[in-house]
Structure formats: structure tokens, C-alpha cells
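**Student:** Structure of the sequence below:
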Amino acid sequence: MSLKIRLTRAGAKKRPYYRIVIADSRSPRDGRFIERVGSYDPMKPKDDPARVTLETEKVQAWLAKGAQPTDRVLRFLDAAGLMKRAPRNNPQKGEPGQKAKERAAARAGNAGAGEAAA
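**Tutor:** Below is the predicted model of the structure:
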């Protein structure tokens, strides 16, 4: 059984509130879980200490048992000093796709032909 430390959503419409839980990776997002180990309230200000609460002893015990955190939970664990998250780097993120490059080249070709005719 592969275990995940992940978020499960609670709260009302447009008012999210997440619980940090230990769950089987095959169970649904808001479905069955094994244990609650914290909470995350994105509606609170970023500098509020109650925005993310973790029971560190429980989290460390589950990490020792082989539970893998999701990317968002790994950010919380990194901020708490429990795990280290490697920063990601994607230099091609802002680059246009292949089709957009082709359209831009076609527009440049059409503009060049229009100037030559004038």
C-alpha cells in the first residue's frame, strides 16, 4: 500500500479549507484517509502562523514509514524544516508553443511581403 501525505478539501463554496491527511494513494481526494496530521487555510494571510498547522511528530512518524508527500504538502514540510524541497526550474515555461511560433513566422512573412509591394 503506497501512502500519501496530501490535502483533502473541506469548507464551503468559494471558502476552501484543507486538511492534511495520510491516505492510500488509490483513495479519492476527499474520501477515506488514515489519519489527520494538520490543516491549511488559504483564506488567512500569508504571514499568519495559523495558515498552516502541522503535527510534526505524527508527520515524521509517517515519513519514516514511507509516506510520500504531494508537491504542495512538501512545500509546507520544507517551510516547517521537516523535509527539503528541491527548487524547480523550467526555462521554457514562458516560451510560445510550436503552433504559435509558426503563426508568428507566417505573420512576419506576410508583413514583409506587404512592405515589399508598397
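**Student:** So for stretch 15-30, what gets flagged as buried?
**Tutor:** Applying a neighbour-count criterion of 16 or more other CB atoms under 10 Å, one finds 18-23 buried in stretch 15-30. Glycine gets a C-beta too; all of them are placed from N, C-alpha and C.
**Student:** element containing the residue nearest to residue 68 when sequence neighbours are not counted?
**Tutor:** Once flanking residues are discounted, residue 68 sits nearest to residue 4: 5.8 Å by CB to CB, 6 or more residues apart in numbering. Taking DSSP states H and E as the criterion, residue 4 maps to strand 3-12.
**Student:** Just checking: what are the partner strands of that strand?
**Tutor:** Here strand 3-12 has these sheet partners by DSSP bridges: strand 15-24 (antiparallel), strand 68-69 (parallel).
**Student:** and it, which residues are buried?
**Tutor:** 3-8.
**Student:** chain center to that strand: distance?
**Tutor:** Centroid separation between strand 3-12 and its chain, computed with CA atoms, centre = their mean, to the nearest Å, is 12 Å.
**Student:** that older thread, which one of the strands paired with strand 3-12 lies nearest to residue 107?
**Tutor:** Evaluated over the strands paired with strand 3-12, closeness to residue 107 peaks at strand 15-24, with 41.8 Å, by CB to CB.
**Student:** Alpha carbons of the closest one, in PDB - could you do that?
**Tutor:** Output in PDB follows, covering the C-alpha atoms of strand 15-24 (Å, rounded to 0.1, in the frame of the first residue of the first chain):
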ATOM      1  CA  ARG A  15     -14.300  29.300   1.000                       C
ATOM      2  CA  PRO A  16     -11.700  26.500   0.800                       C
ATOM      3  CA  TYR A  17     -10.200  24.800   3.800                       C
ATOM      4  CA  TYR A  18      -7.900  21.900   3.500                       C
ATOM      5  CA  ARG A  19      -6.900  19.100   5.900                       C
ATOM      6  CA  ILE A  20      -3.500  17.500   5.600                       C
ATOM      7  CA  VAL A  21      -4.100  13.800   5.800                       C
ATOM      8  CA  ILE A  22      -2.300  10.400   5.400                       C
ATOM      9  CA  ALA A  23      -4.200   8.400   2.800                       C
ATOM     10  CA  ASP A  24      -3.800   5.500   0.500                       C
END
